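J.: Starting from these lines, generate the structure:
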Amino acid sequence: MSKTHRRRRLVRAVTRARVRAPEPVALPVHHPAFLAACLALAAALVATASYRLYETDLWQHLAMGRAIWEHGLPRVNQWTWPQFGEPYFLSSWGFRALVWPLWSAAGVTGLFAWRWISTLAVFGILLATARLMGARGFFTLVVLAWAAVGYQLRTDVRPETLASILLALEVLILERDRRKPNPASRSLWAIPALTCLWANVHISVYLAFVVLAFYALDAWWATRRADAAAKARPRKLVLVGIAALGAALLNPFGWVTLWQPIQFALFWSRDPLVRTIGELQRMPLRDALLGGLFVWPLLALVRIRRRRGIDVAEALSCAFATALALSSLRFSGTYWILAGPFIARDIHEWITARRWPVPRLPLAIRAAMTIAAIALIGWPHWTRIDLPLSRSIDARTIPAEACDFMETHGIRGRGLNNFSYGGYQAFRFWPDRTRLPFLSTQPEYTPESDRALYLSALRTEAGWRALDAKHDFDYVLVERDQVLGDSLLDFLDRDPRFAMVFADDAAELLVRRDRFAPIADSFAYRAIPAGRAGRYSLGPRSQTDLELRHRAERELDRMIAASPFHAGASHLRGFLALMDLDLDTARGHLERALAIDPLLPNLHDLLGTMALQQARWRDAIREFDLERRLHDPPGGLFFRTAVAWQQLGQLDQARAFYRRELDRDPGFSPAADSLVALEARKR
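T.: Presented below is the predicted three-dimensional model:
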């Protein structure tokens, strides 16, 4: 026997010794090991949907839900004062009617219960769909845990959560019909009922018809080599689609419900103001790559190449969902609902089609490995400092304290607001027309001329003057944080007609001096500017103007006492205390600011520098490490860390940080000189 022949026999023997994928093709759903892994996935889903609520649309849903329960379905605008009483299209009315009783009965707990139930329902249906498609092993649970991470930011209390259940149900129904075609089956006729419900809870009902069309094309493609029963499927799916279209029109607003998403896509989505909404931004390519958005297209291509055929439903769904997700962050949830079962099936088929040189582990061990994988996938997202796990609402996203001030002091009239605050203002004051917002959280329903004027008011002083000339505002209630391009508060600082009477981390409230003279006289801030530019200039001016500094400190103390959300005020107060060389007071204010907002930049660096001055070397190192972990390190941070290590006698650590500073800035002479001195001591 030749050497080559012996080598081939050895390879065949080794191949036969290998086993196929380390999990059975059909793992029973009732097996204790599988149930344990499913419970772990359920716990992970609940954790993923338990971050602190920050979605400002929630308050608009609650305000409208309350109106529906108290007065019936509104047909006119009751949510903004400029268009009050005009004809109004109330989108997603069914969901809003659902969420109000949850809030009334259980408050925040009721809202979180909805998040948990809806998320579990979506992924329970996806698991059933994946198993129906053949993905019946432990790895399916890992895939769904990964999909849950991509779906996470769509678990806020919004109509989309109910629409997601309906979308997942439709895919399950269509897959069941595709896998087991039966002319006598009536399961497909559940789709018209589903679309009827969908049209009344969310305007994304068009997705039902898109997915149905994909499966109809798949059925038509399959008729090339099918029996008579299968050849009847395309016709049946078309009839189901026609029935679904008729069912979707059974809503209080008729055809307008179906036209709204088309109108948004063709016209409103291009509006400059609407384009400023965060979730309508394009998904960055880096985020798409890191999030695994292109895994599904790759798996679909591999499957086509391996089987030399095409799953038309998968190919069309993949192309559509990927394009949709890349076009807008809003559609990331839709992507993972459509992708989850297909990815699970494709990976399962790829695994089981190969022989692996691994032992067949007991089910209990594989379940433990699955649970560990689910935890590893979820842990980085459960520990995010910007999305902390908490059964609460982020109070910094709503102007609650400012609205308290308005109510206490009788401030009402024609107000201007950010559209992100319109929902809460309507929730808080409806049906009081004198305190309704100027813009709602759906700015597309505001007339185009007002949208353009509002955007101009954010960007130019002339724009603000033009908007005020048209509407003659009595007060302004806007976010304290000014995003890039928003200079309205800076313009108001230069407008002598307005005075800031309340400010916290969430909002600032300014009133017309001539219309609220007693309030302006008693509560106006005279040293603390409303705008970002004025606050930035306050520091340099306070260094040379002692009287201004002391007046600013007194006003900041009043601002801190007026609201529990005063990170910005405490930050500035600590900075002014540093000018007074009062390190202990400064430290207290800065630490209080970080306790309220842990993501404030440069504060850990500042606290570390103060610790250096007070010879608290380990405290300094801890603060510098936190600054590095949370933000891009500012210049000199590595040098200051090295100084602290050197004072502790840890010379190797000091050398390492001096070198890191020089790697970033070779011209930083203090680090170079210190490193030379250390090296000289070493010799």
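J.: CA only for contacts and neighbour counts going forward, please
T.: Fine.
J.: can you pull the buried residues of stretch 297-316?
T.: Residues 297, 299-300, 303, 310-316 are the ones in stretch 297-316 that count as buried (16 or more other CA atoms under 10 Å).
J.: ok, those vs residue 88, which is closest?
T.: When the buried residues of stretch 297-316 are compared for distance to residue 88 (CA to CA), residue 316 wins out at 35.8 Å.
J.: Quick test: name the residue nearest the centre of this structure.
T.: By CA atoms, centre = their mean, the chain has its centre lying nearest to residue 153, at 3.9 Å.
J.: Surely that residue is in a strand?
T.: No. Read with DSSP: H, G, I helix; E, B strand; the rest coil, residue 153 is helix and lies in no strand.
J.: Report the contact partners of it.
T.: Neighbouring residues of residue 153 by CA atoms under 8 Å, 6 or more residues apart in numbering: residue 333.
J.: ok, now how distant is it from residue 631?
T.: Residue 153 sits 22 Å away from residue 631, going by CA to CA, to the nearest Å.
J.: do the same with residue 295
T.: 30 Å.
J.: pLDDT wise, what is residue 682 at?
T.: Here, the pLDDT recorded for residue 682 equals 67.
J.: let me fix that: residue 24
T.: 46.
J.: got a list of what the residue nearest to residue 255 when sequence neighbours are not counted touches?
T.: Counting by CA to CA, 6 or more residues apart in numbering, residue 255 lies nearest to residue 249, which is 5.9 Å off, once chain neighbours are set aside. By CA under 8 Å, 6+ apart, the contact list for residue 249 reads 196, 199, 255, 257-258.
J.: Among these, which ones are in strands?
T.: Using DSSP state E, no member of these falls in strands.
J.: show me where the protein has strands.
T.: Taking DSSP E as the test, the strands found in the chain are 19-20, 355-356, 415-417, 475-479, 498-503, 507-512.
J.: Show me the domain layout of the chain.
T.: With domains defined by automatic domain parsing, the chain comprises 8-382, 395-524, 601-683.
J.: between those, which gets nearest to residue 591?
T.: Checking the domains of the chain against residue 591 by CA to CA gives domain 601-683 as the closest, at 8.1 Å.
J.: now that closest one, how far from the centre of its chain.
T.: Computed by CA atoms, centre = their mean, to the nearest Å, the chain-centroid distance of domain 601-683 equals 36 Å.
J.: picking up where we left off before, take the domains of the chain and lay them out in CSV including distance to residue 537.
T.: Below are the domains of the chain laid out as CSV (distance: least, CA to CA, whole Å):
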stretch, distance to residue 537
domain 8-382, 28
domain 395-524, 12
domain 601-683, 18
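J.: Mind checking those for the one nearest to residue 561?
T.: Residue 561 sits nearest to domain 395-524 of all those, at 10.0 Å, using CA to CA.
J.: gap between the two ends of stretch 262-274?
T.: Per CA to CA, stretch 262-274 runs 15 Å from first to last residue.
J.: Number of residues surrounding residue 332?
T.: For residue 332, the neighbour count with other CA atoms under 10 Å is 24.
J.: same deal with the one 3 residues further on?
T.: The number of residues packed near residue 335 is 24, by other CA under 10 Å.
J.: again, but for residue 496
T.: Using other CA under 10 Å, residue 496 has 9 other residues around it.
J.: same thing with residue 425?
T.: By the criterion of other CA under 10 Å, residue 425 has 28 neighbours.
J.: With residue 554 instead?
T.: 15.
J.: Roughly how far does it sit from residue 547?
T.: Distance from residue 554 to residue 547, counting by CA to CA: 11 Å.
J.: Ok, residue 568 next?
T.: In terms of CA to CA, residue 568 sits 22 Å off from residue 547.
J.: ok, the two, which is more surrounded?
T.: residue 568 (24 against 10).
J.: Could you find the closest non-adjacent residue to the more buried one?
T.: residue 505 (6.0 Å).
J.: So that neighbour sits against residue 564, correct?
T.: No. With contact defined as CA atoms under 8 Å, residue 505 does not reach residue 564; the gap is 9.1 Å.
J.: Looking at those two, which is more packed in?
T.: residue 505 (23 against 13).
J.: May I have the residues that are in contact with that one?
T.: 396, 480-481, 565-569.
J.: Just the ones in helices from these, please.
T.: Using DSSP state H, the subset of the contacts of residue 505 located in helices is 567-569.
J.: Need the single longest helix in this protein, by residues.
T.: Scanning the chain for the helix with the most residues, using DSSP H, yields helix 93-132.
J.: Give me the buried stretch members for it, please.
T.: 93-103, 108, 110-116, 118-132.
J.: Stretch 497-510 too?
T.: So for stretch 497-510, counting by 16+ other CA under 10 Å, buried means 498-510.
J.: Can you tell me how far the nearest residue to residue 390 once chain neighbours are set aside is from residue 98?
T.: What sits nearest to residue 390 in space, not counting adjacent residues and going by CA to CA, 6+ apart, is residue 52, at 4.9 Å. Counting by CA to CA, the gap from residue 52 to residue 98 is 21 Å.
J.: if we can go back for a sec, could the strands of the chain be laid out in TSV, adding distance to residue 646 and mean pLDDT?
T.: As requested, these are arranged in TSV below (distance: least, CA to CA, whole Å; pLDDT from 0 to 100):
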stretch	distance to residue 646	mean pLDDT
strand 19-20	58	44
strand 355-356	53	65
strand 415-417	53	97
strand 475-479	44	96
strand 498-503	43	97
strand 507-512	44	97
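J.: Tell me which of those strands lies nearest to residue 543.
T.: Residue 543 lies closest to strand 498-503 among these, at 23.5 Å (CA to CA).
J.: What are the contacting residues of the closest one?
T.: 402, 405, 475, 480, 492-493, 508-513, 519-520, 523-525, 530, 559.
J.: if you set the cut-off to 6 Å instead, what comes out?
T.: Under the contact criterion CA atoms under 6 Å, 6 or more residues apart in numbering, strand 498-503 has outside partners 508-513, 523-525.
J.: Could you identify the pair within the residues you listed that is furthest apart?
T.: That would be 508 and 513, which, of those, are the farthest apart (CA to CA) at 15.4 Å.
J.: Which one of the strands of the chain lies nearest to residue 268?
T.: Between the strands of the chain, strand 415-417 lies closest to residue 268; by CA to CA that is 20.3 Å.
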